[in-house]
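Participant: Here is my input, please return the structure:
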Amino acid sequence: MTTCESLRPSKADAPRYTPIAEHGLIGDMRTAALVGTNGTIDWYCCARFDAPSVFAAILDADRGGAFDLAPDVPARTKQFYFPDTNILITRFFADNGVGEVQDFMPIVGDSREAGRHRLIRRVLCVRGSLPFTVRVAPRFDYGRQAHTVSTRQGQTVFASPDLSLALTSTVPVQIDGPDACSSFTLQEGEAAVFALDRIGDGLEQRSCAVLEAEELFGATVRYWRGWLSQSRYRGRWREMVHRSALTLKLLTYAPTGAIVAAPTASLPEQIGGERNWDYRYAWVRDAAFCIYALLRLGFTDEAKAFVHFLSQNICLGTGDDGPLQIMYGIDGRSELPEEELPHLEGHLGSAPVRIGNDAVNQLQLDIYGALIDSLYLYDKWGEPLSSDHWDTVGKLVDWVCDNWDQPDEGIWETRGKIQNFLYSQLMCWVAIERAIRIATHRGLPADMLRWSRTRDAIYRRIMDRGWSTERRAFVQHEGDDVLDAAVLMMPLAKFISPTDPKWLSTLDVLGEDLVSDSLVYRYDPRSSPDGLRGEEGTFSICSFWYVEALSRAGRVDEARLAFEKMLTYANHVGLYAEEIGRTGEQIGNFPQAFTHLGLISAAFNLDRALG
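Facilitator: Take a look at the predicted model:
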């Protein structure tokens, strides 16, 4: 069992911000919340991933809002997941007793009840006696909407113009300005329950007694364990792989099948810097790679739901930017306007805080390869593509054949100069090559002559213009010798043999220039300006790509060591943010789907190499 231990300081000495990695994630596949090791929920959006925040103290300790629940005495803390579930337990060890808070969101099938988005916090004293304090301080609409607080039918109701929440408690609660608070003491064996429910829109107030909370706890345990039992993974890193799978499932938006890149917004890639983005949307690339990872483990329902999301919620465009956007809202909407929230100071002062994402309008050609590769695997491991799906694939591939040589913004969404990125061309090759495989295997209609000629033209272009004789490596884009970790996908996508001399030379050069003790930088912003100020940390999915590339190249001992080192950078409950800073701290949006799918793929392939 993996745990985190820390000393909870007195309120006067407590830091204003809990580090990004000092959190666990709970959710109900509609929304999610971050729970700090100090017992505070400081990120929660209701009633869906991309809704305005209710608690956002992680972005502004004073104005963001939080749900504090912890002993009123100094205590050491440990946090872990109830085994094989997404139920988070935070334990407090004080001089006079031991207590724990069980945080979870019940998983319910009834659509009306699902709209409630119930968040349950169950408090227990397991040894001795402990005094607890609670403060529920919602700040609606990212702290932009005022609210009222009242008592109705024994519940505390927080009402704002767009959202109302009801707090049910088994201990007395007092209203304190815009907040609700409580102080109580539990003896050994006693418990208290706090439940926060969305109300309105036909959702009536409902109590949540200790017994009901216990029943919902049991039902939620059964749901997560039942889902995880479908996994086919029996390898060496079962605990980490299954935690990653559970995390990817948490990032799925059940009503549509969309998968968010991360459940958070504007967590900085550099503390104090401006690289702060909103990731609560469905990136075609990220979601497609997630489907690959889940299919590897045997979770075919998620792949089916994602294909349904694409076919039912996304309309192919007809403009110059291509039939697909790089990302969509979790309901399939295409408009995701970006705005800054100047009233929030940002995590540890990292401004600006942004919501929405203007990168939605970028051209990133690699998404077509990621998507069609996932459809190829779905057709192979899930169920055959329908005739309508094949018609869509044909339209996408025809467009790729016409446009693969355009300059674009690339996988890393640079906000600088567009380039002819090698990775974009590589994934265009993947799009056509996988479509040819599907057509050949299934005997489906396709313009094979045109597709084959274009596929081969891309291959020759990459081998000619993507290779730098001076660097002895494949480079980021045409016309320069800049390196990019994205080329690690070349052998993984089966474009080049993992033991090809040119590739082995590239792997060595990448190891010298972009790898730091197994951690991999995406690129060097000083050599390849990306239109933004400041630096960033190592990018964790690139570190897992590096493991896989080493493994496929036959350098298995190096790959295993690099993989084991990467595991040490996970947080106390096995979660990863987007990036890792210079001293091992996690930075960027958290947890990130991209990183966890990379872990699954690397573990799967490293297991196979080790035999």
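Participant: three-state assignment of residue 101?
Facilitator: Secondary structure, DSSP: H, G, I helix; E, B strand; the rest coil: residue 101 is strand.
Participant: okay but it is in contact with residue 122, surely?
Facilitator: Yes: here residue 101 reaches residue 122: they are 7.1 Å apart, a contact under Cβ atoms under 8 Å. Just so you know, the C-beta spots here come from the backbone N, C-alpha and C atoms, and that holds for glycine as well.
Participant: Next, count neighbours for residue 218.
Facilitator: Residues within reach of residue 218, counting by other Cβ atoms under 10 Å, total 10.
Participant: Show the pLDDT at it.
Facilitator: Per-residue pLDDT puts residue 218 at 94.
Participant: for residue 115, same thing?
Facilitator: 62.
Participant: Residue 12 too?
Facilitator: 43.
Participant: So what's the residue count around the nearest residue to residue 446 once chain neighbours are set aside?
Facilitator: Leaving out its chain neighbours, the residue that sits closest to residue 446 by Cβ to Cβ, 6 or more residues apart in numbering is residue 439, at 3.9 Å. Neighbour count for residue 439, taken as other Cβ under 10 Å: 19.
Participant: Report the separation between residue 439 and residue 450.
Facilitator: 12 Å (Cβ to Cβ, to the nearest Å).
Participant: repeat for residue 94
Facilitator: 71 Å.
Participant: buried set for stretch 225-234?
Facilitator: Neighbour-count burial for stretch 225-234, counted by 16 or more other Cβ atoms under 10 Å, picks out 227-228, 231, 233.
Participant: I should have written stretch 84-96 there, sorry.
Facilitator: By 16+ other Cβ under 10 Å, the buried positions in stretch 84-96 come out as 84-94.
Participant: circling back: tell me the pLDDT of the residue nearest to residue 446.
Facilitator: At residue 439, pLDDT is 96.
Participant: got it, and residue 359?
Facilitator: 89.
Participant: for this structure, which strand is longest?
Facilitator: strand 119-137 (DSSP state E).
Participant: For the helix or strand just after it, which helices and strands make contact with it?
Facilitator: Next in sequence after strand 119-137, counting helices and strands by DSSP states H and E, comes helix 140-143. Applying 3 or more Cβ pairs under 8 Å, 6 or more residues apart in numbering; DSSP states H and E, one finds that helix 140-143 makes contact with strand 53-55.
Participant: Name the strands paired with the strand it packs on and say parallel or antiparallel.
Facilitator: strand 41-45 (antiparallel) (DSSP bridges).
Participant: got the angle for the strand it pairs with vs strand 119-137?
Facilitator: Using axes from the mean of the first three to the mean of the last three Cα atoms, to 10 degrees, one finds that strand 41-45 and strand 119-137 are set 110 degrees apart in direction.
Participant: please begin residue numbering at 200 from this point
Facilitator: Yep, numbering from 200; the last one is strand 240-244 now.
Participant: Which residues does strand 240-244 contact?
Facilitator: Strand 240-244 is contacted by residues 217, 222, 230-235, 250-258, 263, 265-266, 268, 302, 318, 320, 462-463, 479 when judged by Cβ atoms under 8 Å, 6 or more residues apart in numbering.
Participant: Now that residue 706 has come up, it's in contact with residue 751, right?
Facilitator: No: if you go by Cβ under 8 Å, residue 706 and residue 751 don't touch, sitting 9.8 Å apart.
Participant: which secondary structure elements does whichever helix in the chain runs longest contact?
Facilitator: Secondary structure of the chain per DSSP state H: the longest helix is helix 621-641. In terms of contacts (3+ Cβ pairs under 8 Å, 6+ apart), helix 621-641 is packed against helix 565-576, helix 586-602, helix 647-664, helix 688-691.
Participant: Could you rerun that using 10 Å?
Facilitator: helix 565-576, helix 586-602, helix 647-664, strand 672-673, helix 688-691 (3 or more Cβ pairs under 10 Å, 6 or more residues apart in numbering; DSSP states H and E).
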